[in-house]
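*Asks:* Predicted coordinates and the sequence they were generated for:
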Amino acid sequence: DIQLTQSPSFLSASVGDRVTITCRASQGISNYLAWYQQKPGKAPKLLIYAASTLQSGVPSRFSGSGSGTEFTLTISSLQPEDFATYYCQQPNGYPRTFGGGTKVEIK
Amino acid sequence: QVQLQESGPGLVKPSQTLSLTCTVSGGSISSDSYYWSWIRQPAGKGLEWIGRIYISGNTNYNPSLKTRVTISADTSKNQFSLKLNSVTAADTAVYYCARDSADYLYAFDLWGQGTMVTVSS
């Protein structure tokens, strides 16, 4: 299985902060990496696919980068609605796997 | 606008079979563009991919569950289903159905709202 390690697992930040979350894959996955946002009681929402492509309707303050084994999700200016848990996921191999999640909370 | 909706019993007894259905509305499950998955999430924990089906009938399963899982599709009803047998308390989770395609490099672009399943006697 391809393991995805997210860091940090918890992040406390203020509105307006720049936030970066890292996802490391146990083996190279090219650009087969997606990021999701999940709010309590809701299904995950696709933010970014193919490592850096913004899903339609997602604000431009979200961006993704990376290739191979190291990837980042950046929120350029954190907004109140961005407080949530973020997951990376790899659709490169089977089984599909997710990172452990990063919970972003209000400082 | 395509939507996914999970349905099924919210309570299953240990050792029995968990059966869930995902109904696809606003689009066809028979499209050769899409794959249809089940994903679960225990309370307060992360996401686990269970498996997926393509309209050809081809399936892929998570090896950790493969001996207990069957995913099937019913094109006449525009639904796909999950059966998980010999359940234990460890199978208690919110179960989601989701869609992926090459358009999104196989990321899950569409999700159902999720359905909570509790395994308890």
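*Replies:* Looks like it came in fine.

*Asks:* Tell me the bridge partners for the most centrally placed residue in chain A.
*Replies:* Nearest to the geometric centre of chain A sits A:Trp35, at 3.8 Å (C-alpha atoms, centre = their mean). For A:Trp35, the beta-bridge partners are A:Ile48, A:Cys88 (DSSP bridges).

*Asks:* what sits against it?
*Replies:* A:23, A:46-48, A:62, A:64, A:73, A:86-89 (C-beta atoms under 8 Å, 6 or more residues apart in numbering or on different chains). All C-beta spots, glycine's among them, are computed from the backbone N, C-alpha and C.

*Asks:* rerun at 10 Å
*Replies:* A:21, A:23, A:44-49, A:51-52, A:54-55, A:58, A:62-64, A:71-73, A:86-89, A:99, A:102, B:107 (C-beta atoms under 10 Å, 6 or more residues apart in numbering or on different chains).

*Asks:* Just give me the residue closest to the centre of chain B.
*Replies:* Nearest to the geometric centre of chain B sits B:Trp38, at 2.5 Å (C-alpha atoms, centre = their mean).

*Asks:* Contact partners for that residue?
*Replies:* Here B:Trp38 is in contact with B:6, B:20, B:22, B:48-53, B:61-62, B:65, B:69, B:71, B:80-82, B:84, B:95-98, B:112 (C-beta under 10 Å, 6+ apart).

*Asks:* residues from chain B in reach of chain A?
*Replies:* Applying C-beta under 10 Å from any C-beta of the partner chain, we find that chain B lies next to chain A at B:4, B:6, B:35, B:37, B:39, B:41, B:45-52, B:60-66, B:94, B:96-98, B:100, B:102-114.
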